[in-house]
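S.K.: Any chance you could fold what I've pasted below:
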Amino acid sequence: MPKTNILLVDDVAENLIALEAILDKLNLNIVKATSGSEALRYLLEYDFAMILLDIHMPAMNGLDTAKLIRLRERSKNTPIIFLTAYQTEEMDVLQAYSVGAVDFLLKPVIPEILLYKVEVFLNLFNHNKMLAAQTQQLEEINIELEQQLKLIQRLNSRLEDANEQLEAFVYSTTHDLRAPLRIIQSFGKTVLEKHLNGLSEEGRDYLERMMNKAHSMSQLIDDLLKLAYASQSEINRQDVDLSGIVHEIMEELQNLSRERHVEVRIQPHVMASADKDLIKIALDNLLRNAWKFTSKGEKTIIEFSTLQHQNQQVYLVRDNGVGFNMEQSEKLFKPFQRLHNKNEFDGTGIGLTIVRRIIERHGGHIWFEAAVNYGVTFYFTLATK
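M.R.: Below you'll find the predicted structure:
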């Protein structure tokens, strides 16, 4: 590590030697000048932590030297301690401070006082040097961060364009697929209704498989459209009666499967600030999951209620269905990931992805607890307005 530079200026060589001897223990690079003009030449070569400057010198005294030191950019803030062998007059003191003096020392100099004062300014110099280095480092980091930010902005712009193109493609494709699917389903239904007796058992089997696949594909298209809608539609918050929405969904499910006996527990008057259409899609997916995965049980219980957790309202949908192993839970919200055999429980594998997207767009969080044959509980929060 290079030594710190300090400049001693005195027209008497013996004084310079005495000052150097006192400061020797500080391990400095001491530069000595015997005149103001020589001191100014050294200022062109070195950066000094401080200057010890004799006031009374021939040709160019200390005050005039200090004025010229202050005119130079490199030395305009360098601390100057004046040395004088005489009792300093008040006018001299004012003049000295006006040209940038920070202190005075009377000759003969008391070594302990000189060392103390020099150490103070050395510490200040080193501290300022460290701050300057940190400032430069921060400026370099800021420049790099600005460059990274511009890169991220460009990438985000490209990503937004790509997403818009992808969404347009998905929207167009799914709508274009719906038309032929409707035709397939319509002709299939007609054949089943009017020409079933004319088909062989193998023909009926093929037709039923075709209708089932067309139905599955139709569900997949609907879910893809819901996912696009959940991702991009504007959030229009209002006070929503979640209990009322759950009642509607459960009545619809019960009407579709009248043979099932399900105990439905719905906490009344549960309100939330949410987009009504989007939150209905989320609840519909959660409740249909509960309905589906309790279909093989003897006694079915599906619950919608709330609880308080860390001073926050938490909504929950609970069932006592087949559940799943929590070790597989990392797959749960990923699209097209399934925890159960498709032959056992149908579905597209997108429903819970849609739910998470809707909850997160409401500033909320969704999580769950599950166990095999003990059902699953989904918890979610919604940010307030």
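
S.K.: Please report the distance of residue 300 from residue 260.
M.R.: Using CB to CB, to the nearest Å, residue 300 is found at 7 Å from residue 260. Any C-beta I mention is one placed from the backbone N, CA and C, and that applies to glycine too.

S.K.: I meant residue 57, not that one.
M.R.: 108 Å.

S.K.: got it, and residue 240?
M.R.: 28 Å.

S.K.: ranges for the helices of the chain?
M.R.: 13-23, 36-45, 62-71, 90-98, 111-194, 201-232, 242-256, 276-293, 351-361 (DSSP state H).

S.K.: low-scoring stretches of the protein, by residue?
M.R.: 1, 86-93, 163, 166-167, 170-171, 173-175, 229, 328-331, 333-349, 385 (pLDDT under 70).

S.K.: How is it divided into domains?
M.R.: 5-109, 162-230, 237-380 (automatic domain parsing).

S.K.: want to throw these into TSV with mean neighbour count and distance to residue 125?
M.R.: Converted to TSV, these look like this (neighbours: other CB atoms under 10 Å; distance: least, CB to CB, whole Å):
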stretch	mean neighbour count	distance to residue 125
domain 5-109	17	4
domain 162-230	14	55
domain 237-380	17	51
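
S.K.: Any chance of TSV for the ones you listed, columns distance to residue 133?
M.R.: Below are the domains of the chain laid out as TSV (distance: least, CB to CB, whole Å):
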stretch	distance to residue 133
domain 5-109	14
domain 162-230	43
domain 237-380	42
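
S.K.: can you tell which of those is closest to residue 131?
M.R.: Closest approach to residue 131 among the domains of the chain is made by domain 5-109 (13.1 Å; CB to CB).

S.K.: end to end, how far does that closest one reach?
M.R.: With CA to CA, to the nearest Å applied, domain 5-109 spans 20 Å between its terminal residues.

S.K.: check contacts around residue 269.
M.R.: 241, 243 (CB atoms under 8 Å, 6 or more residues apart in numbering).

S.K.: residue farthest from the centroid of this protein?
M.R.: residue 58 (66.1 Å; CA atoms, centre = their mean).

S.K.: I'd like to know the phi and psi angles of that residue, please.
M.R.: With angles defined as degrees, to the nearest 10, residue 58 sits at phi -70, psi 160.

S.K.: Repeat that for residue 109.
M.R.: Dihedral angles (degrees, to the nearest 10) for residue 109: phi -70, psi 140.

S.K.: Provide a list of residues in contact with it.
M.R.: 18-19, 22, 83.
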